[in-house]
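Undergrad: coords below, sequence missing:
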């Protein structure tokens, strides 16, 4: 169906793809894997007509083609569901589904009745209950994804590309998504599935192509490859080496205590204790209120009830400035929006929360800043051209390391990390785990929010599970298993 | 009330709340008008308000579309000035020249709008800067053409400003008709959908292959056209074009748009909100007149209204 050969693409200063090949058949789900920066998204955007290749050819349906624009690719039946959805938040579900392909009646006018009816029918065929008149901004993330899939079906999709579709949904929603994909495969649609989660690839994909550093590594049938072999192809590293050993010493002193915290209508009466030297994981479904609880503790969201005790004092309201003074650091879930100054360089980002040490008489000492940055780059093995490298050009994993190093410098007591390894490749994941463990060993209480169960089980000394805004349980030691966490995250309150 | 229906009604108020607020303010102003003057609630005064609202309505109709795409047109004031002096200058009292002069200024408005859009699309300059610069260029051209009132209009041309159809001011009828047509266009034309889509998520629109260039060429051309149309009605009212006649319109064209609930960020709102905003501003000026408050204060009030309206309707982003 789609055969790509010898494809190359360069951007100023970077060779994004070279000699790439890919062969996708109708009626298969084809996984595309590789570490961040391997060239998956560049390849996707070339297939989608967003970028033009420098060399190489694309054969689609037995014909050599090239798509000069996203519209041309769409017309040929290529549909991409990007990690950041392409939905217009203030339009209704029906309007979004038919955007660019409006249902028209008399005089070519948009027929709103027909649009609504067709949208309802499409959603029904997908087996989802979504009101076509709702605005997309009011939908859950999982429902938004279903709207994206409905959109693909309008365009008579023949090649569907999904970029990290499960990064934002969890559990049951993933199962629903897989059912839809299997149905599409049965209809003869070719599907390219990009994911960091290898377990999903083994569950749903038929074949897999591995990319590394912009180059083709291998294509295999899933049945012919083991998980370890796949990881070896991607990085040449064993999975079991991913997690450093857990803390062995007895629990340290209590560092921070949240008591009966309520916030933002999403967190109700949640209590939490963080101890020095421990990695505590905050687990639960997406939307369970984990991020909100962390923000309330840090002072990013106002607390409507409860208190936070740190440094021997009880606060009924926190603020980011107070938190930084008390030695709390926070790595937000959204690196680009709330963490990094993307256009500034590595040095400026590392020292952003701690300008006192790099300034003299109110002026910045750039030499001192660069010196610190060079030390941090070496100690965290941040891959960049140096302190002056703007972070926008770096891979997700390295950006995350910049953030970790920023907060590790200022936080003396508590470091909160919200989904620290989301969208980060395996190699950088191992680095981040190692750093978290090192910080804990220095006596810092680490709080990690994570939706990835293997990560929670592999890293946490203590797991606090949230469900619908409340704490539904706490696990330690040998009780920390995926099954126990899922049970606490999903059981009904009455049970 | 269940959680779901609460959310629904909450969404309804959020979506249409601006219109309720504006209607509430209109009622409040009308009551104030009743109290301050017994001449307020007369047919003559209502006709007067409708007549005075025409130019504001026309220029802000064009402005609404540029703002819906997430842009803005700050060249409308100078465009109005240029079109007004050209119209009366070219006509110069000759009834035979009225139609050609009108055609010329309308075409010029479209042309200037296309230039604005071209700079936004191909030079990739923010609309704020493009149209601010264009405004200066147009004002300069206007002053090169004339330093004072230029030419004159033939007798009878004031019919547009003061005439009646079906007992209503001509201009008001035309303006309301254009608002209704544009509202239908936004709702029923594909291009109308795309105006909202581009304002809502410009990158998404690009990835979806929506025709951004076409949309921007259209909205800025439309805004330029409406500015020239505004100039025609202004000249009809004053009998002559003047080089600074449009100066205040740049700000005042934005006031009704934001008061009517269209977000400056684009993607949300509509022309009917703008029409309510137009009548709110016109009624406010009228009531202030009855209260013997000078037009200088009216300018101050309008400036404050823009800032307050934007702050009320702005999407409160989640902030740390």
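TA: Received it, and whenever you're ready, just let me know what you need. Being a predicted model, the structure only gives us computed values, none of them experimental.
Undergrad: for the rest of this, base every contact and every neighbour count on C-alpha atoms.
TA: OK.
Undergrad: how about residue A:359, what does it touch?
TA: By CA atoms under 8 Å, 6 or more residues apart in numbering or on different chains, the contact list for residue A:359 reads residue A:365.
Undergrad: beta partners for it?
TA: residue A:364 (DSSP bridges).
Undergrad: chain B versus that one, what's the distance?
TA: Residue A:359 is 25 Å from chain B, where distance means CA to the nearest CA, to the nearest Å.
Undergrad: phi first, then psi, for the closest residue to residue A:308 other than its chain neighbours.
TA: The shortest distance from residue A:308 to any residue that is not its chain neighbour, by CA to CA, 6 or more residues apart in numbering or on different chains, is 4.4 Å, and that residue is residue A:258. Backbone geometry at residue A:258, expressed as degrees, to the nearest 10, gives phi -100, psi 130.
Undergrad: in the chain, which residue is most central in space?
TA: I'll assume chain A. With distances taken as CA atoms, centre = their mean, the residue of chain A nearest its centroid is residue A:422 (3.6 Å).
Undergrad: was after chain B, sorry
TA: Chain B, centroid-nearest residue using CA atoms, centre = their mean: residue B:60 at 0.7 Å.
Undergrad: and it, what does it touch?
TA: By CA under 8 Å, 6+ apart, the contact set of residue B:60 is B:252-254, B:256-257, B:274, B:278.
Undergrad: highest neighbour count among these?
TA: The member of these surrounded by the most neighbours (other CA atoms under 10 Å in any protein chain shown) is residue B:257, with 34 neighbours in all.
Undergrad: that residue contacts residue B:277, doesn't it?
TA: Yes: at 6.5 Å, residue B:257 and residue B:277 qualify as touching, with contact defined as CA atoms under 8 Å.
Undergrad: count the residues that sit near residue 283.
TA: Went with chain A since none was named. The criterion is other CA under 10 Å. On that basis, residue A:283 has 28 neighbouring residues.
Undergrad: try again with chain B
TA: As a burial measure, residue B:283 scores 21 neighbours (other CA under 10 Å).
Undergrad: quick check, it in a helix?
TA: Yes: looking at residue B:283 with DSSP: H, G, I helix; E, B strand; the rest coil, it is inside a helix.
Undergrad: who touches it in this structure?
TA: Contacts for residue B:283 (CA under 8 Å, 6+ apart) come out as B:26, B:29-30, B:49.
Undergrad: can you put those in CSV and add neighbour count, distance to residue A:263 and secondary structure?
TA: Written out in CSV, the entries for these read as follows (neighbours: other CA atoms under 10 Å in any protein chain shown; distance: CA to CA, whole Å; DSSP: H, G, I helix; E, B strand; the rest coil):
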residue, neighbour count, distance to residue A:263, secondary structure
B:26, 19, 38, helix
B:29, 18, 40, helix
B:30, 18, 43, helix
B:49, 19, 49, helix
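Undergrad: please enumerate the strands of the stretch 301-450 of chain A.
TA: Remark: strands assigned in the stretch 301-450 of chain A by DSSP state E, counting those that start in this stretch are A:303-310, A:313-315, A:328-331, A:359-360, A:363-364, A:414-418, A:445-449.
Undergrad: and those strands, which one is worst for confidence?
TA: Between the strands of the stretch 301-450 of chain A, the one with the least mean pLDDT is strand A:359-360; it has a mean of 76.
Undergrad: quick one: buried residues of stretch A:263-280?
TA: Residues of stretch A:263-280 classed as buried: A:263, A:266-280 (neighbour count, 16 or more other CA atoms under 10 Å in any protein chain shown).
Undergrad: just the ones of those residues in strands?
TA: Assigned to strands by DSSP state E, the following of the buried residues of stretch A:263-280 qualify: A:263, A:267-275, A:279-280.
Undergrad: quick one: which of those is nearest to chain B?
TA: Using CA to the nearest CA, the shortest approach to chain B within those belongs to residue A:263, at 13.5 Å.
Undergrad: so the closest one makes contact with residue A:297?
TA: No: counting by CA under 8 Å, residue A:263 stays clear of residue A:297, with 9.7 Å between them.
Undergrad: what's the neighbour count on the residue in the stretch 151-300 of chain A that chain B sits nearest to?
TA: When distances are taken as CA to the nearest CA, the stretch 151-300 of chain A approaches chain B most closely through residue A:300, which lies 4.4 Å from it. Around residue A:300 there are 20 other residues, counting by other CA under 10 Å.
Undergrad: okay, and it sits in which element?
TA: Under the criterion of DSSP states H and E, residue A:300 resides outside all helices and strands.
Undergrad: how far away from the center of its chain is the helix or strand of chain A with the lowest mean pLDDT?
TA: Comparing helices and strands within chain A by mean pLDDT, DSSP states H and E singles out strand A:359-360 as the least confident, with a mean of 76. In this view, strand A:359-360 has its centroid 37 Å away from the chain centroid, taken as CA atoms, centre = their mean, to the nearest Å.
Undergrad: return the residues in contact with the residue nearest to the centre of chain A.
TA: Residues touching residue A:422, when contacts are defined by CA under 8 Å, 6+ apart, comprise residue A:167.
Undergrad: for the residue nearest to residue A:308, give me its contacts.
TA: Contacts for residue A:258 were tallied using CA under 8 Å, 6+ apart; they are A:270-273, A:297, A:306-309.
Undergrad: measure stretch A:63-73 end to end?
TA: Counting by CA to CA, to the nearest Å, you get 14 Å between the two ends of stretch A:63-73.
Undergrad: wait, stretch A:148-168
TA: End-to-end span of stretch A:148-168 (CA to CA): 14 Å.
Undergrad: follow-up on the earlier one: any idea how far residue A:440 is from the residue nearest to residue A:308?
TA: Summarising the geometry, the distance separating residue A:258 from residue A:440, computed by CA to CA, is 19 Å.
Undergrad: any chance of the ones in strands among the buried residues of stretch A:263-280 in TSV, plus pLDDT?
TA: Conversion of those to TSV gives the following (pLDDT from 0 to 100):
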residue	pLDDT
A:263	89
A:267	91
A:268	92
A:269	93
A:270	93
A:271	94
A:272	92
A:273	93
A:274	93
A:275	92
A:279	93
A:280	94
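Undergrad: when you check chain B, which of those turn up near it?
TA: When CA under 8 Å from any CA of the partner chain is applied, no member of those is adjacent to chain B.
Undergrad: what's around residue B:43, how many residues?
TA: A total of 10 residues lie near residue B:43 under the criterion other CA under 10 Å.
Undergrad: actually, residue A:77.
TA: Close neighbours of residue A:77, defined as other CA under 10 Å, add up to 20.
Undergrad: which parts of chain A sit against chain B?
TA: Within reach of chain B by CA under 8 Å from any CA, chain A has these residues: A:50, A:69-71, A:85-91, A:99-100, A:102, A:108-112, A:299-301, A:320.
Undergrad: which of those count as buried?
TA: If we count by 16+ other CA under 10 Å, the residues of chain A next to chain B have these buried: A:50, A:69-71, A:85-91, A:99-100, A:102, A:109-112, A:299-301, A:320.
Undergrad: can you flag which of those belong to helices?
TA: Among these, the residues falling in helices (DSSP state H) are A:70-71, A:112, A:320.
Undergrad: and those residues as JSON lines, adding pLDDT and distance to residue A:358?
TA: What follows is these, written out as JSON lines (pLDDT from 0 to 100; distance: CA to CA, whole Å):
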{"residue": "A:70", "pLDDT": "87", "distance to residue A:358": "47"}
{"residue": "A:71", "pLDDT": "84", "distance to residue A:358": "50"}
{"residue": "A:112", "pLDDT": "89", "distance to residue A:358": "60"}
{"residue": "A:320", "pLDDT": "86", "distance to residue A:358": "20"}
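Undergrad: residue A:467: what's it in contact with?
TA: A:284-285, A:288-289, A:488-490.
Undergrad: scratch that, residue A:261 is what I was asking about
TA: Residue A:261 makes contact with A:267-271, A:293, A:296, A:303-308 under the criterion CA under 8 Å, 6+ apart.
Undergrad: pretty sure it is in a helix, no?
TA: No: assignment of residue A:261 by three-state DSSP gives strand, placing it outside any helix.
Undergrad: now it, nearest residue through space, not along the chain?
TA: Spatially, and ignoring its direct neighbours in sequence, residue A:261 is nearest to residue A:306 (4.2 Å; CA to CA, 6+ apart).
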